[in-house]
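Visitor: Build the 3D model from these lines:
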Amino acid sequence: MFEGLQQWHGFLLRKAAQAVTECAERNLCPLHVTMRQFGVLSVVAAEPGLNQRAVGNKLRIDRTTIVALVDKLEGTGLMERRRGPDRRTSALHLTEQGIARLLEAQEVLAEVHQEFLGPLSAEEREALRNLLVRLAVREPGL
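Guide: Numbers count the residues shown, from 1 in each chain. Modelled structure (predicted):
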């Protein structure tokens, strides 16, 4: 497996991410939700009223892409824009349908993660999660 590349953490992280993302996307497909949309729904559910820029910053998604994601989520009735506090921005909120879809997606992804992390013990899963959180919250640019 990837002989000569196993020493490179970044390569292995990318391959693992590709594998879990492919499985997640395939399993989310019947819900008509992508992983990126799941991320947006999750952030807005955790912090209702954020504007698009704040959601994009939290997920490290560029402005053009976050606008398209929110447009799609709004168009499918999962999210709504409400007038923001400064009139120039919109506050994002999940609809009832959006909340229900997010809960369905969370169940699907829990099953995906169970399968993906199957080879690891509970302690190894927790250690991996802790390490990934430490790496993911760092500012880009080393």
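Visitor: what number of residues lie near residue 95?
Guide: 15 (other CB atoms under 10 Å). C-beta here means a position set from N, CA and C on the backbone, and glycine is covered the same way.
Visitor: quick one: it and residue 81 touch, right?
Guide: No: contact criterion CB atoms under 8 Å: residue 95 and residue 81 do not qualify, at 11.1 Å.
Visitor: Going by residue numbers, what spans are helices in this protein?
Guide: 9-28, 35-46, 52-59, 63-75, 96-116, 122-136 (DSSP state H).
Visitor: Point out the most buried one among those helices.
Guide: helix 35-46 (a mean of 19; mean count of other CB atoms under 10 Å).
Visitor: So what touches that one?
Guide: With contacts defined as CB atoms under 8 Å, 6 or more residues apart in numbering, helix 35-46 is touched by 21, 24-25, 28, 33, 50, 55, 58-59, 61, 65-66, 69-70, 72-73, 78-79, 92-94, 98-99, 101-102, 105, 109.
Visitor: What distance do you get for the most centrally placed residue in the chain to residue 18?
Guide: Geometric centre of the chain, nearest residue: residue 39, 2.8 Å, by CA atoms, centre = their mean. With the distance defined as CB to CB, to the nearest Å, residue 39 ends up 17 Å from residue 18.
Visitor: still on that earlier bit, okay if I get the helices of the chain as JSON lines plus distance to residue 86 and mean pLDDT?
Guide: Below are these laid out as JSON lines (distance: least, CB to CB, whole Å; pLDDT from 0 to 100):
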{"stretch": "helix 9-28", "distance to residue 86": "34", "mean pLDDT": "92"}
{"stretch": "helix 35-46", "distance to residue 86": "18", "mean pLDDT": "97"}
{"stretch": "helix 52-59", "distance to residue 86": "12", "mean pLDDT": "94"}
{"stretch": "helix 63-75", "distance to residue 86": "17", "mean pLDDT": "96"}
{"stretch": "helix 96-116", "distance to residue 86": "24", "mean pLDDT": "97"}
{"stretch": "helix 122-136", "distance to residue 86": "30", "mean pLDDT": "92"}
